[in-house]
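Engineer: I'd like to go over a predicted model; first the sequence, then the structure.
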Number of protein chains: 2
Amino acid sequence: MIPLPPEGELATQRIGDLTTEAGAVIHDVEIAYQRWGEFSGDPHGRNNLIVVEHALTGDSNVADWWGDLIGPGAPLDTDRFCVLCTNVLGGCSGSTGPSSEHPDGGVWGSRFPAISIRDQVRAEATFLEALGINSMHAVIGGSMGGARALEWTLMYPDWANYSCVIAVSARASAWQIGIQTAQISAIVRDPDWQGGDYYGTSSSPDAGLAAARRIAHLTYRGEQEIDERFGTMAQPGENPLGTHRGEHQRFAVQSYLDHQGEQLVKRFDAGSYVTITESLSRHDIGRGRGGLNRALAQINVPTMVVGVDTDILYPFHQQEHLSRNIGNLLAMNKIVSPVGHDAFLVETRQMGHILRNFIALADQTPSATDLAKQRGNYEI
Amino acid sequence: MIPLPPEGELATQRIGDLTTEAGAVIHDVEIAYQRWGEFSGDPHGRNNLIVVEHALTGDSNVADWWGDLIGPGAPLDTDRFCVLCTNVLGGCSGSTGPSSEHPDGGVWGSRFPAISIRDQVRAEATFLEALGINSMHAVIGGSMGGARALEWTLMYPDWANYSCVIAVSARASAWQIGIQTAQISAIVRDPDWQGGDYYGTSSSPDAGLAAARRIAHLTYRGEQEIDERFGTMAQPGENPLGTHRGEHQRFAVQSYLDHQGEQLVKRFDAGSYVTITESLSRHDIGRGRGGLNRALAQINVPTMVVGVDTDILYPFHQQEHLSRNIGNLLAMNKIVSPVGHDAFLVETRQMGHILRNFIALADQTPSATDLAKQRGNYEI
């Protein structure tokens, strides 16, 4: 019997010390999580667990950010599956991150090490083991969540029977690293950043974090969608065409981006933003595995790849690259939308079809473990 | 006889006070310029003048930034044409801008008003009139230069016989405004900006300007080109995968972008950058002309439109929009390149073909003035 918290309730689990890929130690790590639906089956074999991985500034509350896609009868059907989502290592929604207390006192702050996507997945596997689980039906994730889902198939090839990898690439592109480091720079150049040790002081790098978010948001949204919404319209009551440029004389799109920045500042920690953004720049499934395509060829977990036609952050050719090279491709799907990268969060109808299709295909397709058993060479 | 400076030499011309579109006055404006090839023909009618318009951080030295495209026998053949390029109003390469002396003393700084593309074109027309010219064979420009070339066809429809509009749109898109205001924000958030009045102080917003340029550069270059060059490579001698993020432990692409920022800081003024970037956000040929497509339909100057297939700043659909709606389309050309927006500066071979084609088509095509004369309704 797996000791899971009540449905939808945020819980935390200690998983001990974690040594990062780069060799730093994060002491006494806690992982926050939520689950929906009852767990059934073998915690070490066939079971009904679906692990959903959230994106950069997401959290474990899938029922919020993917609300229409999870629940009784929904594409991720909680009458059938136990859907579980953790807050990522380095985050600020319950799991250990830069804003967490350090065992030696104070807050981690600048002492919190740089982490990779692999560190995040290792923390999650250790967390599941702490619950007594080392097997799951599927792992699903979009954007940074997709990077984690992909690493799951390589780091723990016997755990997930199926995976669904959405709007991500096999590694960070140079353009992504460029735009991500520009965001980090916007935060660390804010004098209130204080070298990353602003916790407990009277100021925090809100302006820097908002600036980073404004840049990021322009990579999350399709330029045609933003243009159709705002064009060159002025923000009501403001005049962006006056004799002098004015901070409060804005185009409507400026106000929209300012709002995005303000909203993030309210709910997210700048230190976590820097840490998790950095982990995306380190995303490279080829590292230590003989390069990208050798790594992809090693993937035996039947994997569905999903992309968005207008994504400028993770352009569709990156998902085409994944689908051409993954060792065991379950299917390839394209979300068609003006929205860009965020379409996997916004185009609920299409995403619902895709997830139902994923579940159905998985039902019809032997997992790598099934195949190995059929061949009689599977060792427990 | 038009009094032009020696070939290639930077000269300046006073044009008096200029009232901006928004109603501010810039006193005692000077426009810097260079020319190549001898002027011939009628300064008020048929002549051999080609005005080339530079992009955001360009200058009047076309022989430098379009070096292979201008000269004796080159696509812009200075044996045949007199090629002239001004430094844009608001710039920092000789024309009046925020870093220029104010007639009341000191430097313009924050007193320098916001300007539009139309203000830039009006300054240029006034400048040409000061030289005794109000007619030209062609106006050609890319990016912000393309925005000016387009405005020329509408503000002064009788001046240019032909125009070539490259890698630009009929108006700023919301995405462009978003990314441009993000750059302005990076500069004005730099404490050394000092409200725009840093001139004569011991500090200038170099870090902010470099940050702006890093963001901008990622919109000038195709993501596949940047990725093919840098991928996830480390900068030699640095380790971007260490235990902690370090300012001097960079990916190669970070170093590349840092270099772009440093180079711009050496040659460009932050105040001019803010002013000219703002003018791009105000670019809208539909303003006061009944909307975009009515304005485009009014264009009688035979106009060639050129776009780049991989441009993310001015995506190709924007040039398709221009070409579908311009009243007198001379031709539509596409530069095919992984480079993105900057391809019009970098893909010299393709750009050379396009400019030769432009000149040849113009030779075969009656100008709007020719047609009016043929119809006998042209009034001098």
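Structural biologist: Thanks, I have the structure now.
Engineer: switch to C-alpha atoms for all contacts and neighbour counts from now on
Structural biologist: Fine.
Engineer: For the residue nearest to residue A:296 when sequence neighbours are not counted, give me its contacts.
Structural biologist: Taking Cα to Cα, 6 or more residues apart in numbering or on different chains as the measure, residue A:296 lies nearest to residue A:326, with 4.5 Å between them; neighbours along the chain are not counted. Contacts of residue A:326 were listed using Cα atoms under 8 Å, 6 or more residues apart in numbering or on different chains, and they are A:293, A:296, A:297, A:298, A:299, A:303.
Engineer: Go again with 10 Å.
Structural biologist: With contacts taken as Cα atoms under 10 Å, 6 or more residues apart in numbering or on different chains, residue A:326 has the following neighbours: A:170, A:292-305.
Engineer: How about the residues of the stretch 51-200 of chain A by chain B?
Structural biologist: For the stretch 51-200 of chain A, the residues in contact with chain B (Cα under 10 Å from any Cα of the partner chain) are A:110-116, A:171-183, A:185-186, A:188-191.
Engineer: wait, residue A:10 sits on residue A:60?
Structural biologist: Yes: because the distance of 7.9 Å satisfies Cα atoms under 10 Å, residue A:10 is recorded as touching residue A:60.
Engineer: so what sits against both of the two?
Structural biologist: Taking Cα under 10 Å, 6+ apart as the contact rule, the neighbours common to residue A:10 and residue A:60 are A:32, A:33, A:34, A:35, A:85, A:86, A:87, A:93, A:94.
Engineer: Can I get the helix or strand harbouring the fifth one in PDB, CA atoms only?
Structural biologist: Element membership of residue A:85 [criterion: DSSP states H and E] is strand A:82-86. Output in PDB follows, covering the C-alpha atoms of strand A:82-86 (Å, rounded to 0.1, in the frame of the first residue of the first chain):
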ATOM      1  CA  CYS A  82      -3.300   7.800 -10.500                       C
ATOM      2  CA  VAL A  83      -1.900  11.100 -11.900                       C
ATOM      3  CA  LEU A  84       1.000  12.500  -9.900                       C
ATOM      4  CA  CYS A  85       3.000  15.600 -10.300                       C
ATOM      5  CA  THR A  86       6.000  16.800  -8.300                       C
END
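Engineer: Show the buried residues in the residues of the stretch 51-200 of chain A next to chain B.
Structural biologist: Members of those that pass the buried threshold by neighbour count (16 or more other Cα atoms under 10 Å in any protein chain shown) are listed as A:110, A:112-116, A:171-183, A:185-186, A:188-191.
Engineer: thinking again about what came up before, what packs against the strand holding residue A:85?
Structural biologist: In terms of contacts (3 or more Cα pairs under 10 Å, 6 or more residues apart in numbering or on different chains; DSSP states H and E), strand A:82-86 is packed against strand A:25-36, strand A:49-53, helix A:62-65, strand A:70-71, strand A:76-77, helix A:117-131, strand A:136-142.
Engineer: what mean pLDDT does it have?
Structural biologist: Strand A:82-86 comes out with an average pLDDT of 98.
Engineer: Listing partners with orientation, what would you give for it?
Structural biologist: Strand pairing for strand A:82-86, using DSSP bridges, gives strand A:25-36 (antiparallel), strand A:49-53 (parallel).
Engineer: Let me have the ones you listed in CSV, adding mean neighbour count and mean pLDDT as columns.
Structural biologist: What follows is these, written out as CSV (neighbours: other Cα atoms under 10 Å in any protein chain shown; pLDDT from 0 to 100):
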stretch, mean neighbour count, mean pLDDT
strand A:25-36, 22, 98
strand A:49-53, 26, 98
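Engineer: Distance to residue A:79 added to those, as a markdown table?
Structural biologist: Rendered in a markdown table, the data for the strands paired with strand A:82-86 read as follows (distance: least, Cα to Cα, whole Å):
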| stretch | distance to residue A:79 |
| --- | --- |
| strand A:25-36 | 9 |
| strand A:49-53 | 12 |
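Engineer: That'll do, ta.
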